[in-house]
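In: Give the three-dimensional model of this entry:
(one chain, ligands or ions: 1)
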Amino acid sequence: MIMDIVLKYFSDFSETQLKQMQALSSLYQEWNEKINVISRKDIEALYEKHVLHSLSIAAVADFPAGFQVLDLGTGGGFPGIPLAIFFPDVQFHLVDSIGKKIKVVEGVAEALELKNVTTAHSRVEDIKNRKFDVVVSRAVAPLKDLWRWSKPLLKKAPAHEQQPGLICLKGGDLTQEIADSGCRPRLTNIYKLFPEEFFQEKHIVIVNK
Ligand SMILES: C[S@@+](CC[C@H](N)C(=O)[O-])C[C@H]1O[C@@H](n2cnc3c(N)ncnc32)[C@H](O)[C@@H]1O
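Out: Residues are numbered from 1 along each chain as shown. A predicted model of the protein is given here:
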């Protein structure tokens, strides 16, 4: 099935990861019948539109074992769930302000037995007393807000080291958004990694700590 598209670009999965990736299709179909978190059109193209797109972050950033990653505005679990499968030794905290979406994420993570996923039904601004190595996010808010929310939640980088703090998937013309953001991000074009036609959010934007 369409899962082939993921295997075309990421071939190094363990048996467990492969089973988890393959299970995503039926899990999201089942959950979507109860709670609609993904459009009908998109659910048919789950691996291209959501899974591969989420994994594009893994193509540009390495998360070492023990890293703590926050997925800000995870919705139905993107990019957090595919990344949690991809990086089983990294801890992912998936947060969204809409409770029913977090219910789906919890159901999917539990069915996949993803021990490295925790969730919270919360606005990201309300997270207190926690720090993360990196924040990931897709299609949530202008860069200015993403960076304002992420900054206080990030552990400090060691002196003189440039480390990614915020990695987000974004679409459209980012010129004005970047000018307004108050930070100086780097951009990677996703279509240089994967076929352009799959994605609406065509850039990976990385802001260093
Ligand atoms: C367009 S959806 C994208 C969901 C998911 N990241 C994806 O790409 O499929 C944006 C999500 O961000 C969430 N969100 C927006 N602002 C937020 C905030 N301040 N804190 C937590 N979640 C937020 C919304 O509830 C919504 O589920």
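
In: pretty sure Val135 is touching Leu153, no?
Out: Yes: counting by C-beta atoms under 8 Å, Leu153 is a contact partner of Val135 at 6.5 Å. C-betas here are computed from N, CA, C, even on glycine.

In: which other residues reach stretch 167-175?
Out: 53-54, 56-57, 60-61, 79, 134-140, 143, 146, 177, 187, 190, 199-207 (C-beta atoms under 8 Å, 6 or more residues apart in numbering).

In: Contacts only, for the nearest residue to Ala65 once chain neighbours are set aside.
Out: Closest residue to Ala65 apart from its sequence neighbours, by C-beta to C-beta, 6 or more residues apart in numbering: Asp89 at 3.7 Å. Shown in contact with Asp89 (C-beta under 8 Å, 6+ apart): 65-66, 116.

In: a strand runs through Asp89, doesn't it?
Out: No: looking at Asp89 with DSSP: H, G, I helix; E, B strand; the rest coil, it is coil, so not inside a strand.

In: For Tyr47, see how far away it is.
Out: Asp89 is 23 Å from Tyr47, where distance means C-beta to C-beta, to the nearest Å.

In: Looks like Gln91 contacts Val69 (just checking).
Out: Yes: counting by C-beta under 8 Å, Val69 is a contact partner of Gln91 at 6.8 Å.

In: The two: which is more packed in?
Out: With neighbours defined as other C-beta atoms under 10 Å, Gln91 and Val69 compare such that Val69 has more, 24 against 19.

In: Against Val124, how distant is the more buried one?
Out: Separation of Val69 from Val124 (C-beta to C-beta) stands at 13 Å.

In: check whether stretch 75-95 contacts the ligand.
Out: Yes: applying C-beta under 6 Å from any ligand atom, one finds stretch 75-95 touching the ligand at 75-76, 78, 95.

In: Just the pLDDT at the most centrally placed residue in the chain, thanks.
Out: Nearest residue to the geometric centre of the chain (C-alpha atoms, centre = their mean): Pro79, 2.1 Å. At Pro79, the model reports a pLDDT of 98.
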